[in-house]
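[1] Based on what follows, work out the 3D shape:
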Amino acid sequence: MQDLDKAGMGKRIRQIRSRAELRQWELAKFLGTTQSAVHKYEHGVVPEPRRLVELARVGNTSIEWILTGNHWENGSSQQERLSPAILDTASVLREILDGDRPSVDEALRIVREAVRVMGPLIDSSLVREPGALAAALADHSESTLKLLEDAYRIQKAVTKQVLNEADDRLRTSKG
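    Just a heads-up that it's a prediction; the model follows:
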């Protein structure tokens, strides 16, 4: 295990800030800390873990690079990283699949309920002159639901494959 070079870490934090064209107070605001704390980080005080995570995002790098100057991929300092957009997308997709957010399942449930409730209204005398939308809903509710379900299954399969490939890529690059 490599000893922590605090002066080198501070230089890398300063480099991240400079490349992002931020002043210390601007980076502090982004990190949820003070300008004084950023000054200390740039002079060798090790940031708290959550600040390291945010610094890595700002610098499009890894926490390991901030601390040691090396990326986790084969100990290289020049390896290309996965883009933050890919990591953010994978994170959002993982949350959706894990059920941490309202999911497409919930959206399908709502559409089914709307069709169930609207169906009798469309057929009843309550709607004397149904609009184009109501007529389309009545005429195509079954096929619309089928298409939505098919689209959801495809989206879920693609998302699962993307996440599995990302996990495999991360595992192979660590090993």
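[2] Give the closest residue to Arg19 in space, chain neighbours not counted.
    Nearest non-adjacent residue to Arg19, counting by CB to CB, 6 or more residues apart in numbering: Gly59, 6.9 Å away. Glycine gets a C-beta too; all of them are placed from N, C-alpha and C.
[3] how about that neighbour, what does it touch?
    12, 15-16, 19-20, 65-66 (CB atoms under 8 Å, 6 or more residues apart in numbering).
[4] Arg14 too?
    Arg14 is in contact with Glu42, counting by CB under 8 Å, 6+ apart.
[5] Please shift the residue numbers so they start at 18 in all later answers.
    Happy to do that; since the first residue is 18 now, the last one works out to Arg31.
[6] does it count as helix, strand or coil?
    helix (DSSP: H, G, I helix; E, B strand; the rest coil).
[7] what's the pLDDT at the residue nearest to Arg36?
    On the pLDDT scale, Gly76 is placed at 87.
[8] how close does it sit to Arg31?
    Applying CB to CB, to the nearest Å, the value for Gly76 to Arg31 is 11 Å.
[9] Quick check: Gln41 touching Gln52?
    Yes. Using CB atoms under 8 Å, Gln41 is in contact with Gln52, at 4.7 Å.
[10] more neighbours, those two?
    Gln41 (17 against 14; other CB atoms under 10 Å).
[11] Against Leu48, how distant is the more buried one?
    Look at Gln41 and Leu48: by CB to CB, they are 10 Å apart.
[12] any common contacting residues for those two?
    Val55.
[13] for the chain, what helix or strand is lowest in average pLDDT?
    helix 101-115 (a mean of 61; mean pLDDT, DSSP states H and E).
[14] tell me the domain boundaries of the protein?
    Using automatic domain parsing, the domain parsing of the chain gives 23-85, 101-191.
[15] quick one: terminal-to-terminal distance for the first one?
    Using CA to CA, to the nearest Å, one end of domain 23-85 lies 9 Å from the other.
[16] Are there helices or strands packed against the host helix or strand of Trp42, and which ones?
    Assigned by DSSP states H and E, Trp42 belongs to helix 41-48. Using 3 or more CB pairs under 8 Å, 6 or more residues apart in numbering; DSSP states H and E as the contact test, the elements touching helix 41-48 are helix 52-59, helix 66-76.
[17] Distance to Thr176 added to those helices, as a markdown table?
    Below are those laid out as a markdown table (distance: least, CB to CB, whole Å):
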| stretch | distance to Thr176 |
| --- | --- |
| helix 52-59 | 37 |
| helix 66-76 | 23 |
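[18] where does the protein dip in pLDDT?
    Within the chain, the stretches with pLDDT under 70 are 18-19, 88-158, 187-192.
[19] rerun at 50
    By pLDDT under 50, the low-scoring segments of the chain are 18, 91-97, 117-118, 142-145.
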